[in-house]
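>>> output the structure for:
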Amino acid sequence: MRQDSYESALDTAYQELFQFIRNDLFSNPRVLRMTDLSSRLVESIKSLGIEQIKDSTKKHMWRSLESEFCSTLHFFSDDNRRLFVYPDNLSRCDLVKAHQALQKELNTLKSLLNKDVVAKAALLLRDDIRKQDVSQAWPPVITEEDQSRDIIPPSVVKFFCYLLTGGFNNADASQRVERLVTSFGYDIVYAMFTVYEILRQSLIIKDKLQLKKIVCVFDQAIYAKATEVIWKHKDIFKPIVIGMGSFHTCCTLLAIIGKRFQGAGLRDLAIESGVVAEGSVSGVMDGRRYNRAVRFHKLVYEALLRLVWSGFLSWMRQNHNEDLTDLEEATETTDTTPMMYHNKLY
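Have a look, this model is predicted:
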């Protein structure tokens, strides 16, 4: 009895679909996706009281349409294996007109996509993410509750669907797109709270250890973000003292030295001495070429000390001539000591 009712509902739904194709598609020729026709068929079946749709219904729909309309209805698939259907009375001129209209619309949209639009979209997504009440575990872990998409704002989901598929309709997205949307969404939502959560956990550690202050050391990128958070919440994070690690502190110092003295000849000295190649000197002056910059500054420091020492004797003769004898004896001892050790060893 149930089988008969399903077949009866299926026949009725097919008749409604055939009627739609004859009255709408043939009178207004255009290209339709096969999924649109299958969705219309499923809705018609459900409207007749059938809730469970068999898999074979959608699978055999192409065969039923070919049997009903023969050569008056054409089917083709694109590069992504999506099936499309169009009537025989759709002329090439109609396709060219539709293509030109879409091309004009696409060019208009591209011209509107400027920096202001991108900035507004980014701020809109940022506001939606910040409105989410997300409690992040510490240390960060992914639980079954976190795997729910409820924590990802709908605007973020639509954005990634459009980015990955070119459309806002997430219902037809593949499982791969679903996984990518969820993965990207998690990263963005949790990344908004990472720095704040680190500072908050630092306060908890401070209270447990009964400390008045706590020091947090970050790399340069996190240090910049943590500074913004502390400036915004001065009262909350007042006991936290933040600092950069030794490596990034050295890079900053190298950049300061390069910025202050490159115009005074330091840049030319690096190139003309042959210590730094001309293509790498900008990175040395900016502190980005760490190893080369440290080597160069060590050599410059040693060269300056040698110049100072070479002029030290003449300065002593002019200003402290009475102490010159002691200095000459010390210099002579310094010069002969390596030779003495060399003779003993060999």
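>>> those helices in the stretch 101-250 of the chain, which residues are they?
Remark: helices assigned in the stretch 101-250 of the chain by DSSP state H, counting those that start in this stretch are 115-131, 154-165, 175-191, 194-208, 220-232, 246-261.
>>> which ones are touching the closest residue to residue 227 other than its chain neighbours?
Nearest non-adjacent residue to residue 227, counting by Cβ to Cβ, 6 or more residues apart in numbering: residue 242, 6.7 Å away. All C-beta spots, glycine's among them, are computed from the backbone N, C-alpha and C. Shown in contact with residue 242 (Cβ atoms under 8 Å, 6 or more residues apart in numbering): 215-218, 223, 226-227, 230.
>>> mind doing that once more with 10 Å?
Applying Cβ atoms under 10 Å, 6 or more residues apart in numbering, we find residue 242 in contact with 199, 202, 214-218, 222-223, 226-227, 229-230.
>>> how about the host helix or strand of residue 40: buried residues?
For residue 40, the host element (DSSP states H and E) is helix 34-47. Neighbour-count burial for helix 34-47, counted by 16 or more other Cβ atoms under 10 Å, picks out 34, 37-38, 40-42, 44-45.
>>> which of the residues you listed sits closest to residue 253?
Of all these, residue 253 sits closest to residue 34, with 65.1 Å by Cβ to Cβ.
>>> check contacts around that closest one.
With Cβ under 10 Å, 6+ apart, residue 34 has these contacts: 58, 61-62, 65, 75, 77, 82-85.
>>> most packed of the helices of the stretch 101-250 of the chain?
Comparing these by mean neighbour count (mean count of other Cβ atoms under 10 Å), helix 154-165 ranks first with a mean of 17.
>>> and for residue 284, the neighbour number?
Applying other Cβ atoms under 10 Å, we find 28 residues neighbouring residue 284.
>>> tell me the pLDDT at it?
Here the pLDDT value assigned to residue 284 is 89.
>>> I'd say it and residue 277 touch.
Yes: with contact defined as Cβ atoms under 10 Å, residue 284 reaches residue 277; the gap is 9.5 Å.
>>> hey, what's in contact with both of those two?
270-271, 292.
>>> closest to residue 308 out of those?
residue 270 (20.2 Å).
>>> tell me what the residue nearest to residue 227 is bridged to.
residue 216 (DSSP bridges).
>>> residue 235 versus that one, what's the distance?
According to Cβ to Cβ, to the nearest Å, residue 242 and residue 235 sit 16 Å apart.
>>> point out where the chain drops to low pLDDT.
The model of the chain has pLDDT under 70 over residues 1-3, 111-116, 130, 132-150, 167-173, 189-193, 334-346.
>>> tell me where the longest helix sits in it.
Identified as the longest helix of the chain according to DSSP state H is helix 290-319.
>>> tell me what angle it forms with helix 246-261.
Inter-element angle recorded for helix 290-319 and helix 246-261: 60 degrees (by axes from the mean of the first three to the mean of the last three Cα atoms, to 10 degrees).
>>> what residues sit buried inside helix 290-319?
Buried-residue list, helix 290-319, by 16+ other Cβ under 10 Å: 292-293, 296-297, 300, 316.
>>> what residues are up against the closest residue to residue 124 other than its chain neighbours?
With Cβ to Cβ, 6+ apart as the criterion, residue 124 has its nearest non-adjacent residue at 6.6 Å, and that residue is residue 155. Applying Cβ under 10 Å, 6+ apart, one finds that residue 155 lies in contact with 121, 124-125, 127-129.
>>> equivalent analysis for residue 206, please.
In this structure, residue 206 makes contact with 212-216, 239-240, judged by Cβ under 10 Å, 6+ apart.
>>> any chance of those in TSV, with distance to residue 17 and neighbour count too?
Below are these laid out as TSV (distance: Cβ to Cβ, whole Å; neighbours: other Cβ atoms under 10 Å):
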residue	distance to residue 17	neighbour count
212	76	6
213	73	9
214	69	18
215	71	11
216	65	19
239	70	13
240	66	19
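>>> which ones among these map onto strands?
Of the positions in the contacts of residue 206, 214-216, 240 sit in strands, assigned by DSSP state E.
>>> returning to what we had before: and the residue nearest to residue 227, how far from residue 47?
Distance, residue 242 to residue 47, by Cβ to Cβ: 63 Å.
>>> with residue 177 instead?
Distance of residue 177 to residue 47, given as Cβ to Cβ: 30 Å.
>>> what's the answer for residue 225, then?
For residue 225 relative to residue 47 (Cβ to Cβ), the value is 54 Å.
>>> could you do residue 224 as well?
Where residue 47 is concerned, residue 224 sits at a distance of 58 Å (Cβ to Cβ).
>>> over to residue 85?
Distance, residue 85 to residue 47, by Cβ to Cβ: 22 Å.
>>> same deal with residue 302?
Counting by Cβ to Cβ, the gap from residue 302 to residue 47 is 89 Å.
>>> same check, this time on residue 314
Distance, residue 314 to residue 47, by Cβ to Cβ: 106 Å.
>>> please apply the same query to residue 294.
76 Å.
>>> circling back to that earlier point, closest one to residue 107 among the helices of the stretch 101-250 of the chain?
Residue 107 lies closest to helix 115-131 among the helices of the stretch 101-250 of the chain, at 15.1 Å (Cβ to Cβ).
>>> state the number of residues packed around residue 48.
By other Cβ under 10 Å, 14 other residues sit near residue 48.
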